[in-house]
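Asks: Turn this into a model:
(2 chains)
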Amino acid sequence: MLDLLFRALFGGLGVAAVAGPLGAFVVWRRMAYFGDTLAHSALLGVALGLLFDINLNLAVVVLCVGLALVLVTLQKKHIIATDTLLGILAHSSLSLGLVAVSFLDNIRIDLMAYLFGDLLAISTTDLYWIYIGGAVVLLLLTLFWKPLLAMTVNEELAKVEGYPVEAIRLLLMLLVALVIAVAMKIVGVLLITSLMIIPAATARRVSNSPVQMATMASLIGCVSVGSGLWASYQWDTPAGPSVVVCAALLFLFIYSLPKFNRV
Amino acid sequence: MTPLITFNNIGIEFDNRVLLNQINMTIHQGEIVTLIGPNGSGKSTLIRTLLGLQVPTTGKVVNHSSTRVGYMPQKLHIDPTLPLDVSNFLALVRHVDKKRIPEVLARVGIEKLAKTQVHVLSGGETQRVLLARALLNRPNLLVLDEPVQGVDVNGQVELYSLIASIRDELQCGVLMVSHDLHLVMAKTDTVVCINQHVCCSGTPQHVTGHPAYQALFGVPGAEESIAIYAHVHDHVHDDHGDVLSTQSSEPDKTCHH
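Replies: Alright, predicted model coming up:
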């Protein structure tokens, strides 16, 4: 039991550490709903992965990136308002995923685990995925920190100064897709975005610079995972939702404190 | 004078609407050119074409050798969830030499704001920060989109003086859009009035004795910074910017196509 719990903690901390900095970008660029849409589509990725017998994480990454590309293309055509478009894609891809899963007669699939996460079912392979995938995400974030931030601050200025804005935007989507793929097992597709945006939003209150906010988001995410898992163990509550509740409580706590300085 | 950039017969159409038509213009080293024109006349579109943000339908922008553009956008919107101070904002410039940041901040007179969050800057301070960013990579062509927007009259005078002194110091070309049809910077060498096409261009006249002008700008030194560009059209535009008729009482003083 304890071994199981440590594995869950280890996995959860890895995911939180990566989701924090990326969540900061999601918050800065107002991509919360975008992240949600990608996360919803992850279930379809799982179904397709099972259907074609390929690695589930890989299937999720490929599907998320594919969906992100479709989204950007449709967005550019200005057919319909972006939030409506996101709503359509989010729910139709989630429904499509649920329908596809129902066709998988001979494969037993724990739907609840994919929707809300199953921290206690983390395997060693999952841990590899989390730590290798997470390391890749953090490495790319560090390497491309300046262009990513320059694009976030002002896309036109970045473009005029010669940053390859289109490529950087694609990179950010790829990173979000990767985090969704590795975080899916922990909190489930419906709660992934919360692990990105709640710690980042909490970190805003106590940060004076982008680097500080990204680091704080990681730490706050880790604290949420730790306390959520502890609560889950104590009161036998579902692990994923417990982590999210803890993150929300931390948010409320930090924002109820008086402001110390001008941030 | 060395030419920096040339607009070669630029035309832009969007959704069957003509935004720009046959724009020909050259900006030289050390020259200040002010673009004026009514809302929707294509000023910003022309600037965006120069910057490569907009691809022209016809014609092209000729970038002469070693032109380094410093761009100052109209405004700076940074999401309030992004904590960012002025130094960090300036450090985002591509290939920036960070050691130059204090020097450039001092040049535009805001060295004390280095650690101030960008969200709490006033209109005039924001414009100076944007100007500093444009200056960081030692440009020889400054492109300023409404540089005095959101700044009070005293602040406008100061900003215009600052831009003129930077021009004198760097001997760079300056292309700026003015938000006002009649008030432009006095140091402007050429004023270009556009409304889809180039309506007229010429030097701004010094009208320091004008009572309306003095009532507005009774500031010491103001007369050296702002001038009224009096221009008379010899034609009338309809709502689409097409020329309707040619009528003029003083043919020698009017603008032509």
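Asks: which parts of the helix or strand where A:P241 lies are buried?
Replies: Using DSSP states H and E, A:P241 sits within helix A:239-256. Across helix A:239-256, burial judged by 16 or more other C-beta atoms under 10 Å in any protein chain shown covers A:A239, A:G240, A:P241, A:S242, A:V243, A:V244, A:V245, A:C246, A:A247, A:L250, A:F251, A:I254. Yep, even glycine has a C-beta here, placed from its N, CA and C like the rest.
Asks: do that helix and chain B meet at all?
Replies: No - using C-beta under 8 Å from any C-beta of the partner chain, helix A:239-256 never reaches chain B; the gap is at least 12.9 Å.
Asks: Go through the buried residues of helix A:239-256 and say which is closest to chain B.
Replies: The closest of the buried residues of helix A:239-256 to chain B turns out to be A:F251 (C-beta to the nearest C-beta; 13.0 Å).
Asks: Tell me the pLDDT of the closest one.
Replies: Listed pLDDT for A:F251 reads 96.
Asks: Leaving out sequence neighbours, find the closest residue to it.
Replies: A:T202 (4.5 Å; C-beta to C-beta, 6 or more residues apart in numbering or on different chains).
Asks: Can you give the distance of the helix or strand hosting that neighbour from its chain's centre?
Replies: Taking DSSP H and E as the criterion, A:T202 maps to helix A:192-204. Computed by C-alpha atoms, centre = their mean, to the nearest Å, the chain-centroid distance of helix A:192-204 equals 10 Å.
Asks: Looking at it now, give me its mean pLDDT.
Replies: 93.
Asks: I'd like to know which elements that helix is packed against.
Replies: helix A:2-28, helix A:32-52, helix A:165-187, helix A:210-235, helix A:239-256 (3 or more C-beta pairs under 8 Å, 6 or more residues apart in numbering or on different chains; DSSP states H and E).
Asks: Which residues are in contact with the closest residue to B:V62 other than its chain neighbours?
Replies: Using C-beta to C-beta, 6+ apart and skipping the chain neighbours, the partner closest in space to B:V62 is B:T6 (4.2 Å). Counting by C-beta atoms under 8 Å, 6 or more residues apart in numbering or on different chains, B:T6 touches B:M25, B:T26, B:I27, B:V61, B:V62, B:H64.
Asks: Just confirm the fourth one is within a helix.
Replies: No - note on B:V61: no helix contains this position according to DSSP: H, G, I helix; E, B strand; the rest coil, which reports strand.
Asks: any idea how far it lies from B:Q196?
Replies: 17 Å (C-beta to C-beta, to the nearest Å).
Asks: the more surrounded of these two?
Replies: More neighbours surround B:Q196 than the other of B:V61 and B:Q196, with 24 against 19 (other C-beta atoms under 10 Å in any protein chain shown).
Asks: what stretches of the chain score poorly on pLDDT?
Replies: Using chain A. Residue ranges of chain A with pLDDT under 70: A:1-2, A:107, A:260-263.
Asks: meant chain B, my bad for not saying
Replies: For chain B, applying pLDDT under 70 flags the ranges B:65, B:179, B:181-185, B:202-257.
Asks: May I ask you to confirm that A:F144 is in contact with A:L171?
Replies: Yes - counting by C-beta atoms under 8 Å, A:F144 touches A:L171, with 6.1 Å between them.
Asks: show me what contacts B:T26?
Replies: B:P3, B:I5, B:T6, B:F7.
Asks: Check which residues of the helix or strand containing it are buried.
Replies: According to DSSP H and E, B:T26 maps onto strand B:17-28. Going by neighbour count (16+ other C-beta under 10 Å), the buried part of strand B:17-28 is B:V18, B:L19, B:L20, B:N21, B:I23, B:M25, B:T26, B:I27, B:H28.
Asks: what does stretch B:34-51 give?
Replies: B:34-37, B:41-51.
Asks: now do stretch A:196-216
Replies: Residues A:196-210, A:212-216 are the ones in stretch A:196-216 that count as buried (16+ other C-beta under 10 Å).
Asks: how distant is it from the center of its chain?
Replies: Taking C-alpha atoms, centre = their mean, one finds the center of stretch A:196-216 at 15 Å from the center of the full chain.
Asks: contacting residues around the residue of the stretch 151-257 of chain B found nearest chain A?
Replies: Closest residue of the stretch 151-257 of chain B to chain A, C-beta to the nearest C-beta: B:L175 (13.3 Å). B:L175 makes contacts with B:I5, B:I27, B:V33, B:L35, B:I47, B:L50, B:L141, B:L142, B:V143, B:L144, as judged by C-beta under 8 Å, 6+ apart.
Asks: And those, which is closest to A:V137?
Replies: B:V143 (36.6 Å; C-beta to C-beta).
Asks: Name the helix or strand for the closest one, please.
Replies: Using DSSP H and E, B:V143 maps to strand B:141-145.
Asks: got the angle for that strand vs strand B:17-28?
Replies: Angle of strand B:141-145 versus strand B:17-28, following axes from the mean of the first three to the mean of the last three C-alpha atoms, to 10 degrees, is 140 degrees.
Asks: among the helices and strands packed on helix A:192-204, which is nearest B:L170?
Replies: Judged by C-beta to C-beta, the one of the helices and strands packed on helix A:192-204 that comes nearest to B:L170 is helix A:165-187, at 27.5 Å.
Asks: if we can go back for a sec, wait, which of the buried residues of strand B:17-28 is closest to A:D118?
Replies: Nearest to A:D118 among those is B:L19, at 55.9 Å by C-beta to C-beta.
Asks: Contacts only, for the nearest residue to the closest one once chain neighbours are set aside.
Replies: Nearest non-adjacent residue to B:L19, counting by C-beta to C-beta, 6+ apart: B:I12, 4.5 Å away. Residues in contact with B:I12 (C-beta under 8 Å, 6+ apart) are B:V18, B:L19, B:L20, B:G42, B:T45, B:T49, B:Q54, B:P56, B:T57.
Asks: can we see that at 6 Å?
Replies: Counting by C-beta atoms under 6 Å, 6 or more residues apart in numbering or on different chains, B:I12 makes contact with B:L19, B:L20, B:T45, B:P56, B:T57.
Asks: hmm, back to that, what would the contacts of B:L175 look like in TSV with distance to A:A68?
Replies: What follows is the contacts of B:L175, written out as TSV (distance: C-beta to C-beta, whole Å):
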residue	distance to A:A68
B:I5	37
B:I27	40
B:V33	42
B:L35	38
B:I47	31
B:L50	32
B:L141	37
B:L142	37
B:V143	33
B:L144	36
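Asks: now, which of the residues you listed sits nearest A:L149?
Replies: B:V143 (22.8 Å).
Asks: residues touching the closest one, list them.
Replies: Counting by C-beta under 6 Å, 6+ apart, B:V143 makes contact with B:V69, B:Y71, B:L175.
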